[in-house]
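> with the sequence up front, the predicted model follows.
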Amino acid sequence: MRGWERALSVLEALCERGQAAGHGWALDTELLPAHQRQVNAPENQGLVELAGSEDRAELSALEGRPVRWRPV
């Protein structure tokens with residue numbers, strides 16, 4: 001798989017999970033480990049945003065569990 005194909009796959013997974021969640025965020029537990037590892041490239045390009053501590057606190061309240069981003 002080429003680099004752009006991997007990036008597109010990650011972006012599609014993030015979009016799908018964010019829409020399904022209803023709050024627009026793809027949570028750490030909802031992504032395949034391969035997508036978790038590859039999210040740094042689109043984040044470095046400004047295509048996606050990793051949740052900051054305030055956003056993670058709000059998401060934790062919404063989800064009823066601690067939400068954290070742990071690239072594998």
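That came through, no problem.
> low-confidence stretches in the protein?
1, 28, 69-72 (pLDDT under 70).
> now the strands for it?
For the chain, strands defined by DSSP state E do not occur.
> longest helix in it, by residue count?
Counting residues, the longest helix in the chain under DSSP state H turns out to be helix 3-21.
> hmm, who's touching it?
Outside helix 3-21, the residues that touch it by CB atoms under 8 Å, 6 or more residues apart in numbering are 1, 24-27, 30-32, 35, 38-39, 41-42, 47-48. Quick note: C-beta positions are derived from backbone N, CA and C, even for glycine.
> buried residues, it. List them.
A7, V10, L11, A13, L14, R17, G18 (16 or more other CB atoms under 10 Å).
> what do you get for stretch 20-40?
Neighbour counts over stretch 20-40 (16+ other CB under 10 Å) mark W25, A26, L27, D28, E30, L31, H35, Q36, Q38, V39 as buried.
> so which of these is the closest to D55?
W25 (7.4 Å; CB to CB).
> any idea how far R2 is from the closest one?
28 Å (CB to CB, to the nearest Å).
> for the residue nearest the centre of the chain, give me its contacts.
With distances taken as CA atoms, centre = their mean, the residue of the chain nearest its centroid is A26 (4.3 Å). A26 makes contact with A13, L14, C15, E16, R17, G18 under the criterion CB under 8 Å, 6+ apart.
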